[in-house]
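Engineer: here is my input, please return the structure:
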Amino acid sequence: MSETHPSFAVPGANARTARAPLYTPEERYRRDRTYWTFVQGILAPIQFIIFLGSLGFVLRYLATGEGLEVANHSVVAKTLILYTIMVTGCIWEKVVFGRYLFAPAFFWEDVFSMLVLALHTAYLVAMFKGLLSSRELMYLALAAYATYAINAGQFILKLRAARLDHEEKQRDAARAPRPSSLGVASA
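Structural biologist: Numbers count the residues shown, from 1 in each chain. Here you go, the predicted model:
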């Protein structure tokens, strides 16, 4: 249970109820019933595993000068899975919130996702057009990966907040008085 400092306390609210829940009941219903939630749940860990492997290849190249081709292929694979998760994420957001991007509940995550996408795309353009040296490409990959890691953290925190909202709602429902069979509220 989270405590709030008395000077910052909102009467009748704890730290978790001081903000609006992430999902309305209708949005939660749509989220729980759409196939796209499952797709996102599968793609996110796959992307993270590809990210970790690719990060290793990029760092290996920067440290030893070996494995450039493998590092480039791994960044391309990471970028392709990123595009896939972005497109399916937009579809998910449309189903759940009624818009493809920048729904209020995920506005800042979507804004930062655009930076992640731009850096990954810049890598592809620079690689295919030969605009950067091999080392510069790897540094661009690291910049793209740093933004991806921050963005992944944003989404993890958002998912945690949604879980806590749901658990709090369940606890509140369990504590609510229930009418007895005689029509008298029980404690």
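Engineer: show the pLDDT at Glu168.
Structural biologist: Looking at Glu168, its pLDDT is 73.
Engineer: ugh, wrong one, I meant Ser2
Structural biologist: Here the pLDDT value assigned to Ser2 is 40.
Engineer: likewise Thr17?
Structural biologist: 48.
Engineer: repeat for Thr79
Structural biologist: The model's pLDDT for Thr79 equals 97.
Engineer: now do the phi/psi pair for the nearest residue to it once chain neighbours are set aside.
Structural biologist: Closest residue in space to Thr79, ignoring its immediate chain neighbours: His120 at 4.4 Å, by CB to CB, 6 or more residues apart in numbering. To be clear about C-beta, it is placed using only N, CA and C from the backbone, and glycine gets the same treatment. The phi and psi values for His120, taken as degrees, to the nearest 10, are phi -60, psi -40.
Engineer: count of residues packed around His120?
Structural biologist: Using other CB atoms under 10 Å, His120 has 24 neighbouring residues.
Engineer: quick check: it touching Leu82?
Structural biologist: Yes: contact criterion CB atoms under 8 Å: His120 and Leu82 qualify, at 5.5 Å.
Engineer: overlap in contacts of the two?
Structural biologist: Shared contacts of His120 and Leu82, defined by CB atoms under 8 Å, 6 or more residues apart in numbering, comprise Tyr148.
Engineer: leaving out sequence neighbours, find the closest residue to the residue most central in space within the chain.
Structural biologist: Centroid-nearest residue in the chain, with CA atoms, centre = their mean: Phe155, separated by 2.5 Å. Once flanking residues are discounted, Phe155 sits nearest to Glu109: 5.7 Å by CB to CB, 6+ apart.
Engineer: do Ala143 as well
Structural biologist: Take Ala143 and drop its neighbours on the chain: the residue closest to it by CB to CB, 6+ apart is Leu119, 5.6 Å away.
Engineer: checking my notes, that neighbour in a helix, right?
Structural biologist: Yes: according to DSSP: H, G, I helix; E, B strand; the rest coil, Leu119 belongs to a helix.
Engineer: quick one: it and Ile42, what's the gap?
Structural biologist: Per CB to CB, to the nearest Å, Leu119 is found 24 Å from Ile42.
Engineer: more crowded one of the two?
Structural biologist: A count of neighbours by other CB under 10 Å puts Leu119 above the other of Leu119 and Ile42, at 20 against 12.
Engineer: how about the contacts made by that one?
Structural biologist: Contact analysis of Leu119 by CB under 8 Å, 6+ apart lists Leu140, Ala143, Ala144, Thr147.
Engineer: and what of Thr88?
Structural biologist: Residues in contact with Thr88, defined by CB under 8 Å, 6+ apart, are Trp36, Val39, Gln40, Leu43.
Engineer: adding secondary structure, write those residues out as TSV.
Structural biologist: What follows is those, written out as TSV (three-state DSSP):
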residue	secondary structure
Trp36	helix
Val39	helix
Gln40	helix
Leu43	helix
